[in-house]
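# build me a model from this:
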Amino acid sequence: MRRFPFVAAAATLTLLLAGCGSGDSPSSGTSSAGAVSFDPTSIAKDATIAALVPESVASTGKLVVGSDTTYAPAEYIGTDGQTPEGYDVDLAKAIGAVLGLKTEVQTASFTGIIPAIGSKYDIGMSSFTITPEREGQVNMVQYFSAGEAYAVAKGNPKKVNGADLCGLTVGVETGTVEDEELDALVAKCAADGKDAITPLKYDKQSDVTTALVGGKADIMYADSPIIAYAVEQTGGQIEQLGDVFSGASQGIVVSKDDQALTEAVQQAVQKLIDSGDYLKILTAWGNEVGAVKTAELNPSVS
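Numbers count the residues shown, from 1 in each chain. Predicted coordinates:
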């Protein structure tokens, strides 16, 4: 299991979570003490790629990004209570720099991002796993690879078996791939005549973590980088259960009606990969294991 370099922040969130009762939740963000500082001015504009950006976007001078900023360390709100941070945020800034645009990351509900792409948001960067269903709605530019994992209370006092979730209360963020897969597990337990799974779904990943720490959930189900980060940020009050599984690519979402912006984003990501800046950003956040080599558009995931 990867552990991320945010030890200084762990104490802050530990105190926060320790003070939360079963019905409470932390703020939508996570402490960013010790977080990585990225300077987008270190990335030069590429005039050729920037020329691909449609006038409707270029004329504004900015790239508006929709992101659910509760999914640390990919995207979350810093200690000032308003500034988005995370490796997705830094990658979005780098993409904007290549395109000669200032990146503006706006906090959004996860399930509300894709419906607003092309109207409210130019692109969406929020750890979207690439699936056939999503590719049917938007263009997806591959930029990261992550697995899935479980987490339980430290020491696994309830003796949870990750191979059989029947009869357990499972915490998950609404709208994620894990949410969809949990529904399938619920149906399977019922079909097999086993004890029912009790889904505990929240709009914010931070609330899922709090539910596990507070004992409302028996187990938490999320992307592997998020599980590892939550372990670090709670000061070891929780632990990963078993190995990472079901590795899958994640994508930047762009409107299918905007092929010009799609091409610009795809080429910008590939340029960052080829230049090494992409890997520098992921390495700074302790997530180089999720690096990909190509910014493939709408990769086959069937």
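# direction included, what does the helix or strand where Y221 lies pair up with?
In this structure, Y221 is located in strand 219-223 according to DSSP states H and E. Strand pairing for strand 219-223, using DSSP bridges, gives strand 139-153 (antiparallel), strand 169-173 (parallel).
# please tabulate these in CSV, including the columns mean pLDDT.
Listed next are the strands paired with strand 219-223 as CSV, based on pLDDT from 0 to 100:
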stretch, mean pLDDT
strand 139-153, 96
strand 169-173, 97
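# and after the strand holding Y221, which helix or strand comes next?
Strand 219-223 is succeeded, C-terminally, by helix 224-233 (DSSP H and E).
# after that next one, which helix or strand is next?
As the chain continues past helix 224-233, the following element, by DSSP H and E, is strand 238-254.
# between strand 139-153 and that following strand, find me the angle.
170 degrees (axes from the mean of the first three to the mean of the last three Cα atoms, to 10 degrees).
# what residues of stretch 290-300 count as buried?
Going by neighbour count (16 or more other Cβ atoms under 10 Å), the buried part of stretch 290-300 is 290, 292, 295-298. (Glycine included, C-beta is placed from N, CA and C.)
# before we move on, the earlier item: want to throw the strands paired with strand 219-223 into JSON lines with mean neighbour count?
JSON lines is the format used below for those (neighbours: other Cβ atoms under 10 Å):
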{"stretch": "strand 139-153", "mean neighbour count": "23"}
{"stretch": "strand 169-173", "mean neighbour count": "24"}
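# excluding chain neighbours, what is closest to the residue sitting nearest the centre point of the chain?
In the chain, the centroid-proximal residue (Cα atoms, centre = their mean) is S127; its distance is 3.4 Å. Among residues not flanking S127 along the chain, A74 sits closest, at 4.7 Å (Cβ to Cβ, 6 or more residues apart in numbering).
# residues contacting that neighbour?
A74 is in contact with 86-88, 126-127, 223, 225-226, counting by Cβ atoms under 8 Å, 6 or more residues apart in numbering.
# ok, it to D195 distance?
33 Å (Cβ to Cβ, to the nearest Å).
# now do L101
Taken as Cβ to Cβ, the span from L101 to D195 is 52 Å.
# those two: which is more packed in?
L101 (24 against 13; other Cβ atoms under 10 Å).
# that one contacts L63, doesn't it?
Yes: here L101 lies in contact with L63, judged by Cβ atoms under 8 Å, at a distance of 4.4 Å.
# in the stretch 51-200 of the chain, which spans are strands?
Remark: strands assigned in the stretch 51-200 of the chain by DSSP state E, counting those that start in this stretch are 62-67, 70-71, 75-77, 84-85, 102-107, 123-129, 139-153, 169-173, 198-202.
# need those in CSV (columns: distance to I113).
Output for the strands of the stretch 51-200 of the chain, formatted as CSV (distance: least, Cβ to Cβ, whole Å):
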stretch, distance to I113
strand 62-67, 4
strand 70-71, 12
strand 75-77, 11
strand 84-85, 13
strand 102-107, 10
strand 123-129, 4
strand 139-153, 12
strand 169-173, 13
strand 198-202, 17
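# among those, which is nearest G96?
strand 102-107 (3.4 Å; Cβ to Cβ).
# got a list of what the residue nearest to L168 when sequence neighbours are not counted touches?
Nearest non-adjacent residue to L168, counting by Cβ to Cβ, 6+ apart: D218, 4.3 Å away. Neighbouring residues of D218 by Cβ under 8 Å, 6+ apart: 152, 158, 160, 168-170.
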